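Chemist: All I have is the shape, not the residue letters:
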């Protein structure tokens, strides 16, 4: 199957799936709901999320349960698209599911670090579908970091986490999470080299911007919350960023404190993401997601017969789901409609 034929099929499928995206009126309706149950009813009766809510008793649905069902919808849609790809494109598509596996591993790791029981988190697991080989039954019974890592033998994650068992406990979790993200991006970058030239160029740009922003978040968190040494930060920086050179990254890592980091970041392309000291911790992730949201919308206008259409669809679907979850959170904290809008990725 040639590329044009392959992408003609998947693009046709995606155009049909895009018609099920929520519209402005849907978001406004959701923002005016007063309970998680009301949101679940609306999603079940008015949207395509009905496919994961169809057999769910939603009279007493809990927030966590609804959020997990929304994430399952993303994975349900993604598994549909994987069937359209072959060879290296299928491998690349399947690799993107690693992100959800890694989020599950982080859930377990954080629970163990807190001294909680990982088996209590099984209802929060993102992905246990056909393309995963994580031994959730064993991982959920782990009583220590050592036991958890030993249960990962035979998976691609084992060697990334094993050396970190010797680190100080106060920094071990942070380093484990970073190592998992580094593994994910390294494998994506390696697989991206096997795509056709046009697809490779597009993915290099998307991955490069992701690398830039992840590095900035890690430096910021490492300086502010973990007081990591510059050399430690540099060792964990992802390579092949889009805009930020290694020299600039190194300069940021050597900032003596959070204030100096922000001063050095200010003149760069990404300075605006951190320019509000009152809200930068609260809204940083939303600002970054909004940056990507509008970036993908611009890519969407130039869509061609390449892998970009599928990649853009999946990101926009994820942002849609995150906005629904933010609406659910707004109910939890009793926010009014105007305040709740500030936490959405899209602008209404």
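Modeler: Looks like it came in fine. This one's a predicted model, so the numbers in the text were calculated from it and none came from an experiment.
Chemist: Could I get the buried residue list for the helix or strand of the chain with the lowest mean pLDDT?
Modeler: Every helix and strand in the chain was compared by mean pLDDT, DSSP states H and E; the lowest is helix 280-300, with a mean of 84. For helix 280-300, the neighbour count (16 or more other CB atoms under 10 Å) marks 280, 283-284, 286-293, 296, 299 as buried. For glycine as for every other residue, the C-beta is placed from the backbone atoms N, C-alpha and C.
Chemist: tell me, what residue is most central in the protein?
Modeler: residue 99 (6.5 Å; CA atoms, centre = their mean).
Chemist: which element is it on?
Modeler: Using DSSP states H and E, residue 99 falls within helix 98-114.
Chemist: just checking, what packs against that helix?
Modeler: Counting contacts by 3 or more CB pairs under 8 Å, 6 or more residues apart in numbering; DSSP states H and E, helix 98-114 packs against helix 136-139, helix 145-150, helix 169-192.
Chemist: and if we set it to 6 Å?
Modeler: On a contact count with 3 or more CB pairs under 6 Å, 6 or more residues apart in numbering; DSSP states H and E, helix 98-114 meets helix 169-192.
Chemist: The helix it packs on vs helix 98-114, what angle?
Modeler: 170 degrees (axes from the mean of the first three to the mean of the last three CA atoms, to 10 degrees).
Chemist: need the next SSE after helix 169-192, C-terminal direction.
Modeler: Taking DSSP H and E, what comes next after helix 169-192 is helix 197-224.
Chemist: Would you mind listing the buried residues in that following helix?
Modeler: 199, 202-204, 206-223.
Chemist: ditto for stretch 234-252
Modeler: Buried, per 16+ other CB under 10 Å, within stretch 234-252: 234, 236, 237, 238, 241, 244, 248, 249, 252.
Chemist: now those residues as TSV including distance to residue 262?
Modeler: Formatted as TSV, these follow (distance: CB to CB, whole Å):
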residue	distance to residue 262
234	19
236	20
237	18
238	21
241	19
244	15
248	14
249	15
252	10
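Chemist: min pLDDT across these, which one?
Modeler: On pLDDT alone, residue 236 ranks lowest of the buried residues of stretch 234-252, at 86.
Chemist: And that one, how far from residue 131?
Modeler: 28 Å (CB to CB, to the nearest Å).
Chemist: How about residues contacting stretch 197-208?
Modeler: Applying CB atoms under 6 Å, 6 or more residues apart in numbering, the set of residues contacting stretch 197-208 from outside is 192, 241, 242, 306, 307, 308.
Chemist: which stretches of the stretch 201-348 of the chain have low pLDDT?
Modeler: Scanning the stretch 201-348 of the chain for pLDDT under 70 picks out 276-283, 303.
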